[in-house]
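Novice: Predicted structure and sequence below. I'll ask about it afterward.
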Amino acid sequence: MAAERGHELQLEGISKRFGDSVAVRDIDLRIAAGELVALLGPSGCGKSTLLRIISGFMPQSEGRVLFDGKSVDHLSASKRNVGIVFQNYALFPHMTVRQNVAYGLEVQRYAKDRIGARVQEMLALVQMTEFADRFPRQLSGGQQQRIALARCLAVDPKILLLDEPFGALDKNLRLDMQLEVKRLQREYGITTVLVTHDQEEALSMADRVAVMSRGRIEQVSTPVEIYDQPRTLFVNEFVGSTNTFTAIVESGDTQALSVRLQSGELLMVSAVQALAKGSAVTVSIRPEQMRLGSEASANAVAGVIAAALPLGPQVLYDIRRNIGPGFRVAVPRDGDTTIWAAGQAVYAAPRGTGEYRAFAANTSST
Ligand SMILES: Nc1ncnc2c1ncn2[C@@H]1O[C@H](COP(=O)(O)OP(=O)(O)O)[C@@H](O)[C@H]1O
Ligand SMILES: [Mg+2]
């Protein structure tokens with residue numbers, strides 16, 4: 001297997017324009033050797049463009065791509081030695097599995113007498129040894145995708161680029177493949193960039209997640225940080241679900257502000273940036289970060305239960321307010337919890353470590 005493993009990948013000030021439109025804008029990102037970073041964002045935010053620039057299939061308008069600290073901008077795609085797997089596993093239909101995996105090795109002029117052993121090794125790695133003589137049409141989507149991965153890893157790429165590689169698979173198969181690719185990536189120690197619009201996929205597979213919106217990276221952090229400490233409203237809303245309330249800053253500093261909802265409640269909130277007194281903010285809190293009570297209390301938002309949805313491990317309440325849009329509270333069913341009925345007046349406040357987070361009303365890039 002690879003003698004040399006895990007290469008560092010660095011992007012410096014990468015931008016890409018198509019005519020007047022900017023597909024990616026001023027991207028700085030450093031990916032450590034052996035790390036798996038997910039590029040997560042909605043369709044059209046520039047993920048694939050960035051991946052193509054890394055691969056060398058598309059030149060950037062500005063900036064530099066470096067592998068192990070050395071610029072690769074002068075190298076064509078074939079010279080960069082990256083492996084790419086796309087959503088539509090492009091196996092050669094007229095070749096067997098064995099021939100498909102051998103193909104890249106032949107192109108790379110791998111020593112003829114070693115190709116057979118290398119193919120065996122790769123098929124074992126993706127647990128497809130017994131399928132060596134089948135044709136792609138005789139394999140399931142997941143199996144084909146594993147062969148695409150084996151073919152890609154056979155030539156020992158410096159960096160593995162995955163562009164929505166599980167997008168065509170159904171949900172159960174996708175989970176199997178996610179676990180499998182994560183295992184291979186670990187075992188193989190290969191630096192990997194995974195493009196996905198699926199937040200669960202990004203959070204479950206990546207060491208770090210780069211959330212993208214409109215050609216920019218909004219935040220790069222570990223999955224837990226992305227979820228618990230979103231730096232922008234876009235990240236907060238795109239990853240997981242959240243309630244939002246519009247409010248006006250009454251007083252405070254960066255760490256702790258008090259804000260007033262239009263419906264009158266005064267809330268203590270935290271913010272990632274200084275927000276001026278009198279300015280409009282969006283306050284966010286996730287449904288599972290709130291609890292319900294029947295008495296008015298400090299820091300609580302008043303409402304009336306519109307619907308109670310018993311979702312097994314938790315009950316999700318849909319709550320109406322007198323003024324402004326409603327919100328949701330997810331209450332875990334740990335034994336003696338009251339089930340609130342539609343029509344009951346409730347007060348919802350942060351639970352445990354939950355807190356309201358305030359973002360300047362114009363920070364959302366959606
Ligand atoms: N070859 C191209 N020519 C013109 N515009 C392009 C081209 N490739 C991508 N774009 C545009 O760049 C933006 C980002 O596209 P893309 O990187 O494919 O997004 P994503 O992979 O996140 O869905 C989109 O607005 C898309 O229309
Ligand atoms: Mg794409």
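Specialist: Sure, I can see it. Ligands and ions are numbered 1, 2, ... in the order given.
Novice: Pull the contacting residues for residue 359.
Specialist: Contacts here follow CB atoms under 8 Å, 6 or more residues apart in numbering; on that basis residue 359 touches 232, 233, 236, 271, 272, 281, 282, 284. To be clear about C-beta, it is placed using only N, CA and C from the backbone, and glycine gets the same treatment.
Novice: So which of those is the closest to ligand 1?
Specialist: Taking CB to the nearest ligand atom as the measure, ligand 1 lies nearest residue 232 of those, at 17.4 Å.
Novice: That closest one and residue 217 touch, don't they?
Specialist: No: Residue 232 is not in contact with residue 217 according to CB atoms under 8 Å; the separation is 10.6 Å.
Novice: sorry, back to before: are any of the contacts of residue 359 buried, and which?
Specialist: The neighbour count (16 or more other CB atoms under 10 Å) marks 232, 233, 236, 271, 281, 282, 284 as buried among the contacts of residue 359.
Novice: I'd like these written out as CSV, with pLDDT added.
Specialist: Listed next are these as CSV, based on pLDDT from 0 to 100:
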residue, pLDDT
232, 95
233, 95
236, 96
271, 93
281, 95
282, 96
284, 97
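Novice: Just the ones of those residues in strands?
Specialist: 271, 281, 282, 284 (DSSP state E).
Novice: from the contacts of residue 359, which are also near ligand 1?
Specialist: Contacts with ligand 1 are made by none of those, judged by CB under 6 Å from any ligand atom.
Novice: low-scoring pLDDT stretches of the stretch 51-200 of the chain, where are they?
Specialist: Scanning the stretch 51-200 of the chain for pLDDT under 70 picks out 89.
Novice: Helices along that one, start to end?
Specialist: Under the criterion DSSP state H, counting those that start in this stretch, helices of the stretch 51-200 of the chain are mapped to 77-80, 97-107, 112-125, 141-154, 171-188, 199-205.
Novice: what's the most buried one of those?
Specialist: helix 141-154 (a mean of 23; mean count of other CB atoms under 10 Å).
Novice: gap between that one and the chain center?
Specialist: The chain centre lies 22 Å from the centre of helix 141-154; the measure is CA atoms, centre = their mean, to the nearest Å.
Novice: burial count for the closest residue to residue 285 other than its chain neighbours?
Specialist: Counting by CB to CB, 6 or more residues apart in numbering, residue 285 lies nearest to residue 356, which is 5.0 Å off, once chain neighbours are set aside. Neighbour count of residue 356, defined by other CB atoms under 10 Å: 24.
Novice: Name all residues that make contact with residue 356.
Specialist: 259, 267, 268, 269, 270, 283, 284, 285, 299, 350.
Novice: Bridged to it, which residues?
Specialist: residue 269 (DSSP bridges).
Novice: Distance-wise, check it relative to ligand 1.
Specialist: To ligand 1, residue 356 is 31 Å away according to CB to the nearest ligand atom, to the nearest Å.
Novice: can you check residue 101 too?
Specialist: Distance, residue 101 to ligand 1, using CB to the nearest ligand atom: 27 Å.
Novice: from memory that residue sits against residue 147, does it?
Specialist: Yes: counting by CB under 8 Å, residue 101 does reach residue 147; the two are 6.7 Å apart.
Novice: now the residue nearest to residue 232 when sequence neighbours are not counted: how far from ligand 1?
Specialist: Nearest residue to residue 232, sequence neighbours excluded (CB to CB, 6+ apart): residue 218, at 5.0 Å. According to CB to the nearest ligand atom, residue 218 stands 13 Å off from ligand 1.
Novice: Doesn't residue 218 lie inside a helix?
Specialist: No: according to DSSP: H, G, I helix; E, B strand; the rest coil, residue 218 belongs to no helix; its state is strand.
Novice: Can you list the low-confidence ranges for the stretch 201-350 of the chain?
Specialist: For the stretch 201-350 of the chain (pLDDT under 70), the answer is 335-337.
Novice: which bits of it sit near ligand 1?
Specialist: For the stretch 201-350 of the chain, no residue is in contact with ligand 1 (CB under 6 Å from any ligand atom).
Novice: how about the helices in the stretch 201-350 of the chain?
Specialist: 223-228, 233-238.
Novice: quick one: which of these is nearest residue 310?
Specialist: Smallest distance to residue 310 across the helices of the stretch 201-350 of the chain (CB to CB): 24.5 Å, for helix 223-228.
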